[in-house]
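Participant: compute the structure for the input listed below.
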Amino acid sequence: MNQNINISGIRGSFIDFVADPFYYPELETVRYIHDGLMIISGGIIQELGNYDKLKPKYPDIPITSYPGMIILPGFIDIHIHYPQTEIIASSSKQLLEWLDKYTFPVEGKFQDKTYAQKIASFFLDQLLKNGTTSALVLTTVYPQSVDALFEAAELRNMRIIAGKMLMDRNAPDYLLDTPETSYEDSKNLIKKWHGKGRLLYAITPRFAITSTPEQLHLAGVLKQEFPDVYIHTHLSEQKSEIEKVAQLFPNNKDYLDVYEKFSLVSNKSIFAHGIYLSDSEFNRLSQADSTIAFCPTSNLFLGSGLFQLHTAKSQQTPVKVGLGTDVGGGTSFSIFQTMNDAYKISQLQEQNLSSLKAFYLATLGGAKSLSLEHKIGNFDVGKEVDLVVLDTRVTPLLKLRNSRNNSDLLTDIIDELFTLIILGDERVVQATYVAGNLVYEHKI
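Facilitator: Numbering: from 1, shown residues only. All right, here's what the predicted structure looks like:
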């Protein structure tokens, strides 16, 4: 009895990935246990198997059951702006005007830490409500906005990666730092937050347009001093942006080369968008083992273009890819809606994004994109218990659509997952667990 005192279990239908369905036969990459039992202790997976086989080993532990539900690893959002939460669904022309009209003014509010704390709390609760348990997050130029987010994430024990925005030109004066202050502020924040609990740090130049060469140089120096932190920035989102970068950095051969020259391209570098990459840039990102954050709702909303997922995930130039909601240029916190638009973007390029490939990007693919597959992303023993419980019949339309699928066949479950991509939203999420603890539960 005593040895089981801190052990608990979750029962339901478990689905996760053990390999990449872009490179292996899809059905061989997925693990499915129709009536499974996950044994949890200290927020870590101890065992996972068939309920009938595991239950006798743990006769006295408390078990939470989710009959008829599907349990997946928690969703991973690898590019999202928490200061832009309140400007989501703001109409404008394309990227650069949208930044001037909405984004920069709202980011100015985050000089007030009380305000930053309010939005950070709301933001993280929205993630959890949508089944997102880990995220790579952009903040603002103000260090207090970073503290506010990390403090709120620490309370929820979420795995959040974030960092202070670096911006020393081409933005309003109230949002500008200097190369020296950006270096010192970032260094202090790294020492304060990186590796504290489940929190990690990302050096975050907004994009090449808003940083001088001097600032990018010092960002590279920081990366050399703290090699295990991340680099997080934007790359080739819109044609006008690329043209502006070429004007500002006339001696660089392309956009990616700007970051390469300052030692900002590595296996822990995440570049949002990457819509207009050359073959050379895809190849260099592949060689560096860097990541592209695919942000489909934002790419459509801002009219940016169609990301070439099939090129990034090709055998010739394999690049790590994860999904980003990119709120507030992105139009939803929901990974379902993000996968929905990703599917449509693929269709427009005569490519097909299957449900297994989409959910892979949202789980194990996202974890690999952040070099965290040893911690999160699937249900291997020893990993952290971040998971989401999904109801595939929660709305009348989903119930009608999935009524014929009352079976335990994997092929039927895969079909149900596809209906969630097209018809799902936050109502599908019945429960979200972070580090083994229930942090959100849908109330009808």
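
Participant: what distance do you get for residue 46 to residue 414?
Facilitator: Distance, residue 46 to residue 414, using Cβ to Cβ, to the nearest Å: 28 Å. For the C-beta atoms, the positions are set from N, CA and C on the backbone; glycine is no exception.

Participant: with residue 394 instead?
Facilitator: In this structure, residue 394 and residue 414 are 18 Å apart, going by Cβ to Cβ.

Participant: ok, these two, which is more surrounded?
Facilitator: For residue 394 and residue 414, the more surrounded residue by other Cβ atoms under 10 Å is residue 394, and the numbers stand at 22 against 19.

Participant: near the nearest residue to residue 113 once chain neighbours are set aside, how many other residues are there?
Facilitator: Once its chain neighbours are removed from consideration, residue 113 has its nearest residue in residue 144; the separation is 4.1 Å (Cβ to Cβ, 6 or more residues apart in numbering). A count of nearby residues for residue 144, using other Cβ under 10 Å, gives 18.

Participant: same question for residue 243.
Facilitator: As a burial measure, the neighbour count of residue 243 was computed by other Cβ under 10 Å and equals 10.

Participant: which of the residues in the helix or strand that contains it are buried?
Facilitator: Taking DSSP states H and E as the criterion, residue 243 maps to helix 239-248. Using 16 or more other Cβ atoms under 10 Å as the test for burial, helix 239-248 gives 241-242, 244-245, 248.

Participant: tell me which residues are up against stretch 338-358.
Facilitator: Contacts of stretch 338-358 with the rest of the structure, by Cβ atoms under 8 Å, 6 or more residues apart in numbering, involve 17, 21-22, 26, 29-30, 294-297, 299-300, 306-310, 323-325, 330, 332, 359, 361-362, 414-415, 417-418, 421-422.

Participant: mind redoing it with 7 Å?
Facilitator: Here stretch 338-358 makes contact (Cβ atoms under 7 Å, 6 or more residues apart in numbering) with 21-22, 26, 29-30, 294, 296-297, 300, 306-307, 309-310, 323, 325, 332, 362, 414, 417-418, 421-422.

Participant: start to end distance for it?
Facilitator: Start-to-end span of stretch 338-358 (Cα to Cα, to the nearest Å) is 9 Å.

Participant: and if you look at stretch 85-101?
Facilitator: Using Cα to Cα, the distance between the terminal residues of stretch 85-101 is 15 Å.

Participant: next: stretch 232-247.
Facilitator: Start-to-end span of stretch 232-247 (Cα to Cα) is 22 Å.

Participant: so after the helix-or-strand element of the chain with minimal mean pLDDT, what's the next helix or strand?
Facilitator: Each helix and strand of the chain was given a mean pLDDT (mean pLDDT, DSSP states H and E); the minimum falls on helix 95-98 at a mean of 79. Beyond helix 95-98 in the direction of the C-terminus, DSSP H and E gives the next helix or strand as helix 104-108.
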